[in-house]
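# the sequence isn't on hand, but the structure is:
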């Protein structure tokens, strides 16, 4: 689960770096959990050398809020819909190009 959360932050970060405009409830959800997701990504993918804790504090911060799981699920679902819509759009566009090239 924590790896999924960490990778989700990487997707969010990629959208931000590419300045892809995210609005509405998806943006609100991302704003709500962005800090803890980023810290979770760092905890999962950049494991500290010296720690006496079984569960990194950054991950404890993530799971401390009971709403986080529902918010992350909404974000994941929204990105899933975005990717499917984009795939369909590009597929349709490519078919149209091919049909014009091969009448």
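Great, that's in hand. None of the values given here were measured: they were computed from a predicted structure.
# please enumerate the helices of the protein.
Counting by DSSP state H, the chain has helices at residues 2-17, 24-45, 57-64, 68-101.
# winner for burial among those helices?
Among the helices of the chain, ranked by average contacts under mean count of other Cβ atoms under 10 Å, first place goes to helix 24-45 (a mean of 17). For the C-beta atoms, the positions are set from N, CA and C on the backbone; glycine is no exception.
# by how many degrees do that one and helix 57-64 diverge?
Relative orientation of helix 24-45 versus helix 57-64 (axes from the mean of the first three to the mean of the last three Cα atoms, to 10 degrees): 140 degrees.
# follow-up on the earlier one: can you redo the helices of the chain as TSV with mean pLDDT?
Shown next, in TSV, are these (pLDDT from 0 to 100):
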stretch	mean pLDDT
helix 2-17	94
helix 24-45	94
helix 57-64	90
helix 68-101	91
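# against residue 48, how distant is the closest residue to residue 47 other than its chain neighbours?
Leaving out its chain neighbours, the residue that sits closest to residue 47 by Cβ to Cβ, 6 or more residues apart in numbering is residue 56, at 8.0 Å. Computed as Cβ to Cβ, to the nearest Å, the residue 56 to residue 48 distance reads 7 Å.
# in terms of neighbours, single out the busier of the two.
Remark: of residue 56 and residue 48, residue 56 carries more neighbours, 18 against 11, as counted by other Cβ atoms under 10 Å.
# the more buried one contacts residue 43, doesn't it?
Yes: applying Cβ atoms under 8 Å, one finds residue 56 in contact with residue 43, separated by 4.2 Å.
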